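In: what would the 3D arrangement of this be:
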Amino acid sequence: MSGFLLTLVILLGILIGAGLVIFYHSRKLLREQKNYERSLKMVPLLIHLPPTSDDIEKGSRDVRDVTDETISKAQIVYNIIASTYKKSFKDKFYGQRHFSFEIVGVKGFVYLYAAVPISMLDVVRQAIVSAYPSVRLEEVSEHNIFSPVGKMSGTMGGELTLKENYAYPIATYQDLKRDALQSVLNALSTLDKEDGAGIQIMMRPADSSWRKNAAAVASKKRKGNDSKKSGAAILQFSRDVLTAAVKPPEEKGGKPEEKKELSGMEQAVLDAIDDKTRYPGFEVLIRVVASSNISQRSQSILNNIVASFALFDAPGKNGFKFTPAKDIESFTTAYIMRFFPQENKQNILNAVELATLFHFPDQASIPTTQLERQASKQVDGPRNISEDGMMLGYNIFRGSKKRINLDPEDRRRHIYAVGQTGTGKSTFLENLALQDMLNGNGFAFIDPHGDVVENLMAMVPRERTEDVIYFNPSDMEYPLGLNMFEFDHPDQIDFLIQETIGMLYKLYDPQRQGIIGPRYEHLFRSAAQTVMADPAGGSFIDIPKLFNDDAYVKSKLKHVTDPTVLDFWLKEMPASQRSNEFGEVKSWFVSKFGAFLSNQMMRNIIGQTKSSFNLRDIMDNKKILLVNLSKGRTGELNSKLLGMIFVMKFQAAAMSRASIPEDERVDFSLYVDEFQNFSTDSFATILSEARKYRLSLIVANQFTTQLTEEIRDAVIGNIGTIVSFRVGTNDAEFLAKYFAPVFDIHDLQRIPNFNSVTRMLIGGVPSQPFSMATLPPLGKPNPQLAVALKQLSAAKFGRPRARVESEIFTRLRTVEPARPPADTNPFAKAPGSPFSPPAASKTSGGSFLDEWLAKRQSAGGPVTPTPFASPSSNFAGPARNSLPSSVQPNPIPNPLTPLQPSVNTGSTIGYMDAKSNNISSNEVEQEEALKIAEKLKQELGQHAPATANSGVSLPAAEPKEPENSDTISIDQDGNFTKPSESLEVLPEPTDNPAT
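Out: Sure, this is the predicted structure:
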């Protein structure tokens, strides 16, 4: 019977043993499968560290205190993660879900990652954001640190484990009073672009049994059994069992056990063990991997990283030891898949130790530029954003993304965008304008660069092609008129004149140094009122003619009713003309018009008395006006003047809406890029009053210092929505007070491209500043559509150049004055227009030659004199058609015939003739005539034409058709050319040899 029982016990033991083996083996397989499954469900998060502005203010505080405060934030993260521990049978069987914090060095930069189970993603986000509100977490693809050259041969790695029992703590920031992570990051920051390295710190919450085991270790140490290793504890336990079996137990009444006296070092260790058990514990697995093109470099990187962990060693307590991987391929797979075996329980660290090992360093503690960090912090946007209206961009905060819309009512308080070049301002304006275009809204876009309006022209929807007006000054064949003196009601006259004076100040005297001044204003105001009084209309370039043509003044005074203006012309001007300084004053005044009079492009635009389009009509009917003022094509001065004219005219058109009820006024938007070029002192008035007339301004520029103090204050004070892209130091100091306390100077200087700091109106109330990402370029431009729309706009609103020039020259032609009496200076200049030639005189009785012949005949001399001989080569000019066509100089007019000056010069040289004195001798007459011709040559700056006997004979040039220009010249056949069809052909030279 006893044999049977023994056999049964043996069989039962075998069955139990086999069952246990099967159970543990099956559990291991199931856990491995579950581990593989969990690794596939982990989400990698790139940790964008807080910007430098979020660093703790040190002031006069101790650096060690600041370090403690910085690192202690990470304990909040680990305390929240510890709360994810579950006590269910499933979690005990498969183990707790694990997390991974990783420090990666690749391509010369250092990044921080967190790999989180997808089911725990929200928990970990909340844990990190609770400790670091400005940290941004971004879901990314898996990183790759492995060299494509070295592959496995160039990869080294291993694990870091505790040297002693996990009950003994490592050195923490509380002990070190410094940031030991700096040494680890420094080891990674020295990597080259072909190197890669990673430190993987995996963790999962540990059950409460680790505290009991730690307490048991402390208890034994107090009793003198200092067994740091768990293996030594097992060996000691076996020894005690054997001793108890051989040696009988002592009587209880024996000598009591003496309590061991502990040294100060030992007591400190016991206190450290007790402190460790006060915080949540985590099972930890640390892997280190290095990869490079060659194994020697990988080994060097690995050694540097392992050596940096020596700072975590606590004498008499615990530290890390490194165990190289035996199978590098299996190890690399475990690193990539983030495997964490459930049997690995010998390394347990608490929240304080983990915070020391991995936390988010600030710039002050670890000032390395290789560590990836946010340039500017993200701030949550307002919650009560309108669902309708114009979309400005997105607010991205803590992984959530929401639209930022601007309500139409708030939009009427205008938008101001400021930022350095290349930060995204123009794209921001383009996207807003494109939304207006697609939504059927009316707007105008003044672009000093030309790129934005070119893109908008290429994205016009089919239903809006008839609404587009394209203003391009560089299209000189079909110029569009823009008359700054055109008005709808006489009440606008004073406003337009004052705004034009402001433009002249902006162009010629921005610092108000007296270049313009009150005297200039007085002359300009009187002249402008005179021109604008004519019902037929007048233009900016008509003003100089008032000071050069008395007949023109009389024709305009017929329409003037203002007694002040009449007194100016009838009393003040005649008195001023008698002054010796009048000539200089007139030249000083007229010189400000020369840049526009002599420029064909500008003259044909602002010289038209009727504008090609009505801005009030554009506003009321929701049209689209695209103004291309590219400085490269138009010129900076011309671009500024045209832009200021548009701003002035839009203000006048908006204010003219006062005649209709407010609810009937249609919303219209005016976009002005680089608006500092087009703003006058009255721009502050536009910002404050345009809202009433439903004119919304969207303006942008690069620097606030480009604005005058008055306009800058008006912008900040009256504009409801301010969008600040990255700005410089001076602008950051100025704008910081408007975005405080949320953003400071450093934030405004480090905003990434296509991102901004925004403060906007919501329901008429300013919101708190927030971060906003602007939209990428919307739409796809169609260049062929742009070309077709340009041609359509030119056909509808442009006029042929020849017709425009004909009207301008006809209007500005100076009437020929009466011939001066015989006793006047023969070389005096009669008043004449700088734009058109005087009426051609007949050869009989009108020229110097005719009167000289008449006097000669009355003195009894021959009627036909001997031709003048050329005294020297420098007197006689080169023979006509004497040079090849490629180097043929401009034809030289005859100094003894009426001369038409170039319209480009703006000169006032008029019809000139001379009368000889009483001459009785042929030789004297010939010598006197030569003197007169020489003096004319010197005065006119021209050479006399070659005579028949000049003796110059060069090959004749090929006939060349004269170019269409504004300069009156003589062609190769000796005929006068004309700038347009409106000018008469001057009479051909006579056959008289003297001529």
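
In: ok, residue 98 to residue 210 distance?
Out: Counting by C-beta to C-beta, to the nearest Å, the separation of residue 98 from residue 210 is 16 Å. Where you see a C-beta, it was placed from the backbone N, CA and C, and this is true even at glycine.

In: who has more neighbours, these two?
Out: Regarding residue 98 and residue 210, a neighbour count based on other C-beta atoms under 10 Å identifies residue 98 as having more, with 25 against 19.

In: what is the neighbour count of the closest residue to residue 679 other than its chain neighbours?
Out: Counting by C-beta to C-beta, 6 or more residues apart in numbering, residue 679 lies nearest to residue 711, which is 5.6 Å off, once chain neighbours are set aside. Using other C-beta under 10 Å, residue 711 has 20 neighbouring residues.

In: ok, now the one 3 residues further on?
Out: Counted with other C-beta under 10 Å, the neighbours of residue 714 add up to 20.

In: I figured it hits residue 682, correct?
Out: No: with contact defined as C-beta atoms under 8 Å, residue 714 does not reach residue 682; the gap is 10.2 Å.

In: next, the buried residues of the helix or strand where residue 454 lies.
Out: Here residue 454, judged by DSSP states H and E, is contained in helix 451-457. Buried positions in helix 451-457, judged by neighbour count with 16 or more other C-beta atoms under 10 Å: 452, 453, 454, 455, 456, 457.

In: stretch 740-752 too?
Out: 743, 744, 745, 746, 747, 748, 749, 750, 751.

In: again with stretch 483-494
Out: Neighbour counts over stretch 483-494 (16+ other C-beta under 10 Å) mark 483, 484, 485, 486, 487, 492, 493 as buried.

In: and which of these is nearest to residue 649?
Out: Each of the buried residues of stretch 483-494 was scored against residue 649 by C-beta to C-beta, and residue 484 proved nearest at 7.1 Å.

In: test my guess that the closest one contacts residue 605.
Out: No: shown here, residue 484 and residue 605 do not form a contact pair, counting by C-beta under 8 Å, at 10.2 Å.

In: from the buried residues of stretch 483-494, which is closest to residue 34?
Out: Set against residue 34, the nearest of the buried residues of stretch 483-494 by C-beta to C-beta is residue 484 (80.3 Å).

In: how many neighbours does the closest residue to the closest one other than its chain neighbours have?
Out: When the adjacent residues along the chain are set aside, residue 484 lies closest to residue 645, with 4.8 Å between them (C-beta to C-beta, 6+ apart). Residues within reach of residue 645, counting by other C-beta under 10 Å, total 22.

In: what is the mean pLDDT for the strand or helix carrying residue 645?
Out: Assigning secondary structure by DSSP H and E places residue 645 in helix 636-655. Mean pLDDT, computed over helix 636-655, is 91.

In: now swap in stretch 492-501 and tell me
Out: For stretch 492-501, mean pLDDT rounds to 90.

In: what lies in contact with it?
Out: 484-485, 487, 516, 521, 524-525, 528-529, 532, 540, 644, 648, 651-652, 655-656, 680, 682 (C-beta atoms under 8 Å, 6 or more residues apart in numbering).

In: pull out the buried residues from that stretch.
Out: Buried residues in stretch 492-501 (16+ other C-beta under 10 Å): 492, 493, 496, 497, 498, 499, 500, 501.

In: so which of those are in helices?
Out: 492, 493, 496, 497, 498, 499, 500, 501 (DSSP state H).

In: of those residues, closest to residue 433?
Out: Using C-beta to C-beta, these come closest to residue 433 at residue 499, 25.1 Å.

In: contacting residues around the most centrally placed residue in the chain?
Out: Nearest to the geometric centre of the chain sits residue 423, at 3.0 Å (C-alpha atoms, centre = their mean). The contact partners of residue 423, by C-beta under 8 Å, 6+ apart, come to 725, 726, 751, 753, 754.

In: from what I can see the last one touches residue 772, true?
Out: No: Residue 754 is not in contact with residue 772 according to C-beta under 8 Å; the separation is 10.0 Å.

In: settle it for me: which of these two has more neighbours?
Out: It is residue 772, of residue 754 and residue 772, that has more neighbours when counted by other C-beta under 10 Å, with 22 against 17.
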